[in-house]
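Visitor: Give me a 3D structure for the following:
(2 chains, ligands or ions: 2)
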Amino acid sequence: MNIASILIMGGIAFLLAAILVILDRYLASYGDCDITINDSKTLTVTGGQSLLSYLMDNKIFIPSACGGRATCGFCKVNIPEGAGPLLPTESPFLTRSEVARNTRLACQVKVKSDLSVIIPEKYLSIQEFKTIVESIKDLNYDTKEIFLRLDEPEYISFMPGQYIQLKLPDSDEYRAYSIASPPDSNNFIELIVRLVPGGCCSGYIHRDLKTGHKVSFTGPYGELALRENSDKDIICVGGGCGMAPFRSIIRHLFDTGTKRDVKYFYGARSVRDLYFVDEFRKLEREKENFSFIIALSEPDKDSQWEGEIGFIHQILDKHLQDNNNAEAYLCGPPVMIDMTMQVLLSKGIAEEDIMFDKIQ
Amino acid sequence: MNLFTILFASLFTSNIALSYFLGMCPFIALSRDIRTAWGMGCAVTFVMAVTAAINWPVYHFLLVPFHIEYMQYLSFILVIAVSVQIVEIIVERFFPVLYVNMGVFLPLITVNCAILGISLFMILRDYSFIEGVFYSIGGGVGWTMAIIAMAGLRSKLTFSNIPEPLKGPGITMIIAGIMSLAFMGFAGIAGL
Ligand SMILES: Cc1cc2nc3c(=O)[nH]c(=O)nc-3n(C[C@H](O)[C@H](O)[C@H](O)COP(=O)(O)OP(=O)(O)OC[C@H]3O[C@@H](n4cnc5c(N)ncnc54)[C@H](O)[C@@H]3O)c2cc1C
Ligand code: FES
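Guide: Ligands and ions are numbered 1, 2, ... in the order given. The predicted model follows:
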């Protein structure tokens, strides 16, 4: 290696870096762009990032359960102008009529020019909450129950069944967790978090989160929300960590003395995955309009399980009579929701009476 | 060697994908539909031509006079990395749909061995500047042709009954092998 080679390689690297810097300055920056919201409010931003991130920066929170990875399809907004062509990452989530109405996924649309966006009124009331971890409890080998006391604002109003998006400290990542507490205890919320192997947020909650820590979340979100004014019977179907919304819904229903008939179907793999069973069994003994049905898909041989065995949609099929006129609430993995939907529709439950959250 | 022979040979007889099997990773991964394949092909061709045109003078006017030819790998890779960055900035700005379609593969062009291969072969075979440029364009178009042909074949495969373990990359490798055999038919016409 002689001095010439160092100089020449250095020179080449310098020149190339200079070209990149210049291009970055003039092509990769989009200058100031105006985002007009619902024809009333205008935000001026330096373009280049996703619409979702600008809205969040400006405290406008729209549902984004997958954190902007285009896997949940929750972040739909209408963008009449300035969104650019529809991207292949968006099309799987949009129906034809949505495409015709210029509905887009806010996490995928990059702001490159002035743009106007219509955000549903209900999203505008979603707030950011600062909380303090009051306690953390192990429910089983991979699930914890977290109590968060609200600090600022001190109160939250939500409908049983809805979820919040917890912010990972020191990052811009959010993850959705259903609220497990009923809405009348409005200055704290309870979450049930299952550890996903290798998962960043559930990993953080299980490993690092301790009593007294501060965390923030945004919410409440979600179409899976109890219809309080209806008098139809209620069918709840949950699998895995899909227990949380039903703990909120069922506790709220019986706290307010409901006369509606409530059936809760819960699917898990084996006995060691179960939690809160005693609590629901006690409620079942006390209230004659509540029944709790557990189905295990792979019960251990030595656990002497005497309840139902199979997937939850099969057990549901067995227990429901035809021509049912109930309302159904579902929460669990996407496959479970899809199979359960089929069963419910075949039993005569109307599509508009089925509400669900796909957890993924 | 005349320019036409170089172009023809790099397109058919010495097709960079099908006779050297270079650039296989995007060749397999992005040959699922024709539009994406075409986009990737254009990006690869562009980067190949630009990098060959820069690498030739870098080699002959900087590395040779100072007797540091052994630095060619490092300097070629630097040039390629920066060119890919430039293409990325341009595609993101002007062709957002293509940008999303190519996803992670656009930055991956940097480590696409076909691109480095073209520059190294050009030096190895002692091409003049013009010959080098023709060779690189031929190489890029040849690669594009191969990936589009593959995408066309794979779109027909959607309706075929493929044994389960061969679905996806497995059958693609087998098809690439058969295509490569077919391209050998050109071998007698012109060589490099
Ligand atoms: C509406 C809604 C409500 C939700 N409610 C709850 C809840 O009450 N309790 C709860 O624990 N979770 C809930 N989730 C899931 C939660 O939002 C996170 O997806 C989950 O905690 C994993 O996040 P992570 O950051 O730990 O994993 P990530 O780092 O995001 O993922 C790590 C890896 O695990 C995979 N993965 C992600 N989620 C799952 C999963 N559920 N099972 C298997 N593999 C997975 C990913 O594909 C990835 O490869 C809900 C999700 C939605 C959309
Ligand atoms: S945030 Fe999930 S798709 Fe946009």
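
Visitor: Look at the nearest residue to residue A:261 once chain neighbours are set aside and say how many residues are nearby.
Guide: Closest residue in space to residue A:261, ignoring its immediate chain neighbours: residue A:233 at 4.2 Å, by Cβ to Cβ, 6 or more residues apart in numbering or on different chains. For the C-beta atoms, the positions are set from N, CA and C on the backbone; glycine is no exception. Residue A:233: 16 surrounding residues under other Cβ atoms under 10 Å in any protein chain shown.

Visitor: for the chain, which spans come out with low pLDDT?
Guide: Picking chain A for this. Within chain A, the stretches with pLDDT under 70 are A:1.

Visitor: switch to chain B, that's the one I care about
Guide: B:1, B:104-105, B:190-192.

Visitor: tell me which parts of it are close to chain A?
Guide: Within chain B, the positions adjacent to chain A are B:58, B:62-63, B:66, B:68, B:71, B:74-75, B:78-79, B:82, B:85-86, B:89-90, B:92-93, B:96-97, B:100-101 by Cβ under 8 Å from any Cβ of the partner chain.

Visitor: and those, which of them are in strands?
Guide: Per DSSP state E, strands hold no members of those.

Visitor: Kindly confirm my reading that residue A:292 forms part of a strand.
Guide: Yes - counting by DSSP: H, G, I helix; E, B strand; the rest coil, residue A:292 is part of a strand.

Visitor: How much space separates residue A:86 from residue A:79?
Guide: Distance of residue A:86 to residue A:79, given as Cβ to Cβ, to the nearest Å: 10 Å.

Visitor: which of those two has more neighbours?
Guide: Taking neighbours as other Cβ under 10 Å, residue A:86 and residue A:79 compare with residue A:79 leading, 22 against 18.

Visitor: who does the helix or strand hosting that one touch, helix- and strand-wise?
Guide: Taking DSSP states H and E as the criterion, residue A:79 maps to strand A:76-81. Packing contacts for strand A:76-81, counted by 3 or more Cβ pairs under 8 Å, 6 or more residues apart in numbering or on different chains; DSSP states H and E, involve strand A:103-105, strand A:115-118.

Visitor: Tell me which of those lies nearest to ligand 2.
Guide: If you check each of these against ligand 2 by Cβ to the nearest ligand atom, strand A:103-105 wins as the nearest, at 4.6 Å.

Visitor: how about the longest helix seen in chain B: buried residues?
Guide: What stands out as the longest helix in chain B, according to DSSP state H, is helix B:129-157. Counting neighbours by 16 or more other Cβ atoms under 10 Å in any protein chain shown, one finds that the buried residues in helix B:129-157 are B:131-151, B:153-154.

Visitor: coming back round to it: what's the strand holding residue A:79 in contact with?
Guide: Here strand A:76-81 makes contact (Cβ atoms under 8 Å, 6 or more residues apart in numbering or on different chains) with A:51, A:62, A:93-94, A:98, A:101-106, A:109, A:114-120.

Visitor: how close does the nearest residue to residue A:194 once chain neighbours are set aside sit to residue A:165?
Guide: Once flanking residues are discounted, residue A:194 sits nearest to residue A:241: 4.0 Å by Cβ to Cβ, 6+ apart. Residue A:241 is 15 Å from residue A:165, where distance means Cβ to Cβ.

Visitor: what do you get for residue A:144?
Guide: Going from residue A:144 to residue A:165 by Cβ to Cβ gives 18 Å.

Visitor: Same question for residue B:169.
Guide: Distance from residue B:169 to residue A:165, by Cβ to Cβ: 37 Å.

Visitor: picking that back up, name the next helix or strand downstream of the strand holding residue A:79, please.
Guide: Next element after strand A:76-81 (DSSP H and E): helix A:96-100.

Visitor: Who are the packing partners of that following helix?
Guide: Packed against helix A:96-100 by the contact rule (3+ Cβ pairs under 8 Å, 6+ apart) you find no helix or strand.

Visitor: tell me, how many neighbours does residue A:30 end up with?
Guide: Residue A:30: 16 neighbours (other Cβ under 10 Å).

Visitor: Same question for the one 4 residues further on.
Guide: By other Cβ under 10 Å, 15 other residues sit near residue A:34.

Visitor: Same question for residue A:322.
Guide: Look at residue A:322: counted by other Cβ under 10 Å, it has 7 neighbours.

Visitor: Please give me every residue in contact with it.
Guide: So residue A:322 contacts A:347, A:348 (Cβ under 8 Å, 6+ apart).

Visitor: That one should be in a strand, yeah?
Guide: No - Residue A:322: not assigned to a strand; according to three-state DSSP it is coil.

Visitor: measure it to residue A:343 for me?
Guide: Using Cβ to Cβ, residue A:322 is found at 11 Å from residue A:343.

Visitor: Need the CA coordinates for stretch B:2-10. CSV is fine.
Guide: Output in CSV follows, covering the C-alpha atoms of stretch B:2-10 (Å, rounded to 0.1, in the frame of the first residue of the first chain):
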residue,chain,number,x,y,z
ASN,B,2,-16.9,-5.4,-33.3
LEU,B,3,-19.5,-3.7,-31.2
PHE,B,4,-22.4,-5.7,-32.7
THR,B,5,-20.8,-9.0,-31.8
ILE,B,6,-20.2,-7.8,-28.2
LEU,B,7,-23.8,-6.7,-27.9
PHE,B,8,-25.2,-9.9,-29.4
ALA,B,9,-22.9,-12.1,-27.4
SER,B,10,-23.7,-10.4,-24.1
